[in-house]
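Enquirer: coords please:
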Amino acid sequence: MELEKRGAGGPVRREPEGCLVVAVRLPVRIVVLVLVVPVRILWDVLVAGGRLLRDHVLRPVGRALFVWPWVRLWRYVVVPAGRALARLGRVLVVVPLLWAYRWVLTPLGRALAWGARGIGAALEWVYARVLTPVGHACAWLLRGLALILAALGAATYAGAARLVRWLVVVPALWLYRWVLAPVGRALARCARGLWWLLGLLVTGVGTVLYWTCRVLFVLPALALWRWVLVPVGRVLAVLGREAADALGYAWRVAGRVSRALGRLLAALLRWTLVTPARWTYRTLLTPAGHLVRDAVLRPASRAARAAGRTAREMLDAARRTARQTRADIRRALLGDPGPTARKEPVTAGTRTLESRTGREASPQPRG
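Expert: Residues are numbered from 1 along each chain as shown. Below you'll find the model as predicted:
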């Protein structure tokens, strides 16, 4: 009953298994197979029904209700409306804008460009002839003023630097060297001593807490993990792995059973309905239909056509007899009319009642 698992590159090598795995595998697979086979058969039936419903009901209904209305709406409403709007926009917007650009904006822009070129030439002349000399004179005056201000600033800076050196820097250096530095060194030594005492205290307290937590919590948790949880987890892992393998195995076996059951039902349907119906159609209905066609329908159709022809011939003979009788009565009462007494015009290729009657029933001349 074991199905060998194969991967993409060949058979999968299985690790050596213990007696617990072998003892658990067979009962688990039997139970899972019994539970999975009805579920797989029901699943295959639902899948087949869903495919049939999708292919023959939902897809045609969806096309009829959603696809074709939108296609018709796009083809016969949106596209013609878009074309009409495009033409209307071209006539009402694009053509007037092109006309305005060509006959209004372009001449106006050229006039503005010509005016701007004239103004630019005037400004260039003012810059070259007026502003440049004035700027040179102002720059010369500013350079002289800057030299004077630089000399005054240098003298002022030198005096201020000497005052700041003797009034601020020298006293600050003396204060740092003889007051602040000794006080800072003394404070640093006191802080290092306090830090050493605090570190020693924290180290002692941490050591005590470490061994307390180790004895009270870590060692019991480690023993619980090593001697209880790990063996139980291994057993549960073996059970879960075997259950998963059994579920996959049962699902594959159930698929084969479902396919075999479907093929059996299809064969039964074919043997009980399709094959007898096909044999009945080929062996009984087709010869009977041919017999009815050859013995009844075709002779009946030939007899109907012959009766129709006979009826048409009788009607034609009665029509000719009536015409001849009417012509004889007219001649007996009115005599034989001449060519000028005819009320119908005689033209080449024209068929009249009397000419046709005379041709069909040629009367005997009187003696």
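Enquirer: In the chain, where's the longest helix?
Expert: Ordering each helix of the chain by length in residues (DSSP state H) puts helix 230-269 first.
Enquirer: Name the residues of it that are buried.
Expert: Buried residues in helix 230-269, counted by 16 or more other C-beta atoms under 10 Å: 238, 242-243, 245-247, 249-251, 253-255, 257-258. Glycine gets a C-beta too; all of them are placed from N, C-alpha and C.
Enquirer: any chance of the residues you listed in CSV, plus pLDDT?
Expert: CSV is the format used below for the buried residues of helix 230-269 (pLDDT from 0 to 100):
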residue, pLDDT
Val238, 80
Glu242, 80
Ala243, 81
Asp245, 83
Ala246, 80
Leu247, 82
Tyr249, 81
Ala250, 81
Trp251, 85
Val253, 83
Ala254, 81
Gly255, 83
Val257, 83
Ser258, 82
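Enquirer: okay if I get those residues as JSON lines plus distance to Val208?
Expert: JSON lines is the format used below for the buried residues of helix 230-269 (distance: C-beta to C-beta, whole Å):
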{"residue": "Val238", "distance to Val208": "44"}
{"residue": "Glu242", "distance to Val208": "49"}
{"residue": "Ala243", "distance to Val208": "49"}
{"residue": "Asp245", "distance to Val208": "52"}
{"residue": "Ala246", "distance to Val208": "54"}
{"residue": "Leu247", "distance to Val208": "54"}
{"residue": "Tyr249", "distance to Val208": "58"}
{"residue": "Ala250", "distance to Val208": "59"}
{"residue": "Trp251", "distance to Val208": "59"}
{"residue": "Val253", "distance to Val208": "64"}
{"residue": "Ala254", "distance to Val208": "64"}
{"residue": "Gly255", "distance to Val208": "66"}
{"residue": "Val257", "distance to Val208": "69"}
{"residue": "Ser258", "distance to Val208": "69"}
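Enquirer: Report all helices and strands that the longest helix of the chain contacts.
Expert: helix 19-53 (3 or more C-beta pairs under 8 Å, 6 or more residues apart in numbering; DSSP states H and E).
Enquirer: May I ask which two of the buried residues of helix 230-269 are separated the most?
Expert: Val238 and Ser258 (29.5 Å; C-beta to C-beta).
Enquirer: What are the boundaries of the strands in the stretch 1-150 of the chain?
Expert: 6-7, 10-11 (DSSP state E, counting those that start in this stretch).
Enquirer: Start from the N-terminal end of the stretch 251-367 of the chain and give the strands.
Expert: Counting by DSSP E, counting those that start in this stretch, the stretch 251-367 of the chain contains no strands.
Enquirer: where along it do the helices fall?
Expert: Secondary structure of the stretch 251-367 of the chain (DSSP state H, counting those that start in this stretch): helices at 275-280, 286-292, 298-334, 353-360.
Enquirer: which one of these is the most hemmed in?
Expert: helix 353-360 (a mean of 13; mean count of other C-beta atoms under 10 Å).
Enquirer: ok, how many other residues are close to Gly118?
Expert: 10 (other C-beta atoms under 10 Å).
Enquirer: do the same with the one 4 residues further on
Expert: Ala122 sits with 10 neighbouring residues when counted by other C-beta under 10 Å.
Enquirer: Just want to check the distance between it and Leu112.
Expert: For Ala122, the distance to Leu112 (C-beta to C-beta, to the nearest Å) stands at 16 Å.
Enquirer: again, but for Ala303
Expert: According to C-beta to C-beta, Ala303 stands 102 Å off from Leu112.
Enquirer: swap in Gly120?
Expert: 12 Å.
Enquirer: Gly50 now?
Expert: Taken as C-beta to C-beta, the span from Gly50 to Leu112 is 74 Å.
Enquirer: How about Arg25?
Expert: Counting by C-beta to C-beta - Arg25 and Leu112 are separated by 96 Å.
Enquirer: more neighbours, the two?
Expert: Each of Arg25 and Leu112 has its neighbours counted (other C-beta under 10 Å); Arg25 has more, 20 against 10.
Enquirer: and that one, what does it touch?
Expert: With contact set as C-beta atoms under 8 Å, 6 or more residues apart in numbering, Arg25 has these partners: 242, 245-246.
Enquirer: and with 7 Å instead?
Expert: Residues in contact with Arg25, defined by C-beta atoms under 7 Å, 6 or more residues apart in numbering, are Glu242.
Enquirer: Distance-wise, check it relative to Leu175.
Expert: Using C-beta to C-beta, Arg25 is found at 90 Å from Leu175.
Enquirer: mind showing which ranges of the protein have poor pLDDT?
Expert: Across the chain, the ranges flagged by pLDDT under 70 are 1-24, 335-367.
Enquirer: Go ahead and flag the most central residue of it.
Expert: The chain has Val67 as the residue nearest its centroid, 14.3 Å off, counting by C-alpha atoms, centre = their mean.
Enquirer: Check the spacing between that one and Glu124 real quick.
Expert: Distance of Val67 to Glu124, given as C-beta to C-beta: 71 Å.
Enquirer: got it, and Ala304?
Expert: 112 Å.
Enquirer: Same question for Ile148.
Expert: Separation of Ile148 from Glu124 (C-beta to C-beta) stands at 35 Å.
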